[in-house]
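Enquirer: show me the folded form of this:
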Amino acid sequence: MQVKDKDIDVSITTQATAGQRTVPARPQVQVTTSTQGVPEHCTVRGWHYVVQQVHGHWVSGSPWWLTGVDIDTHIWRVTLCRLGGSAQVMDLRCAGQDWQVAHVGDRVGHRVGDR
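Expert: Numbering: from 1, shown residues only. Predicted coordinates for the structure are as follows:
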């Protein structure tokens, strides 16, 4: 499945195996953070976004009993925007150095640059 929008292009592929649940692949992102680890900029599928607002941050542990690795997962709910495009609420997930788009939420009503 591919979700296309003029402001964000997030391709989602699935792997279906008989008898197993279909799990969507999450797009990789490159994130620039502040010295405190707060996302400031990110690139998703070649599109550059600026973090306009941080709505929340939470940490969850990994199922170490299944994987043998105990890595905390940080999730940041942010409003991302591109110049001239509308703002988009997304959840960015980070486990170690691996950042992914965990959830794409609603659009924010105004376009960046419109006042």
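Enquirer: now the helices for this protein?
Expert: Ranges of helices within the chain are 64-67, based on DSSP state H.
Enquirer: what's the span of stretch 30-44 from first residue to last?
Expert: 7 Å (CA to CA, to the nearest Å).
Enquirer: show me where pLDDT drops low in this protein?
Expert: Low-confidence segments of the chain, defined by pLDDT under 70: 1-28, 106-115.
Enquirer: which residues of it fall in strands?
Expert: Assigned by DSSP state E, the strands in the chain fall at 2-4, 9-11, 14-15, 23-24, 29-33, 39-44, 47-60, 73-81, 86-95, 98-111.
Enquirer: got the ones you listed as JSON lines, with distance to Thr67 and mean neighbour count columns?
Expert: Yep, even glycine has a C-beta here, placed from its N, CA and C like the rest. Shown next, in JSON lines, are the strands of the chain (distance: least, CB to CB, whole Å; neighbours: other CB atoms under 10 Å):
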{"stretch": "strand 2-4", "distance to Thr67": "29", "mean neighbour count": "9"}
{"stretch": "strand 9-11", "distance to Thr67": "26", "mean neighbour count": "15"}
{"stretch": "strand 14-15", "distance to Thr67": "19", "mean neighbour count": "9"}
{"stretch": "strand 23-24", "distance to Thr67": "15", "mean neighbour count": "10"}
{"stretch": "strand 29-33", "distance to Thr67": "22", "mean neighbour count": "16"}
{"stretch": "strand 39-44", "distance to Thr67": "25", "mean neighbour count": "18"}
{"stretch": "strand 47-60", "distance to Thr67": "14", "mean neighbour count": "14"}
{"stretch": "strand 73-81", "distance to Thr67": "12", "mean neighbour count": "20"}
{"stretch": "strand 86-95", "distance to Thr67": "11", "mean neighbour count": "20"}
{"stretch": "strand 98-111", "distance to Thr67": "14", "mean neighbour count": "15"}
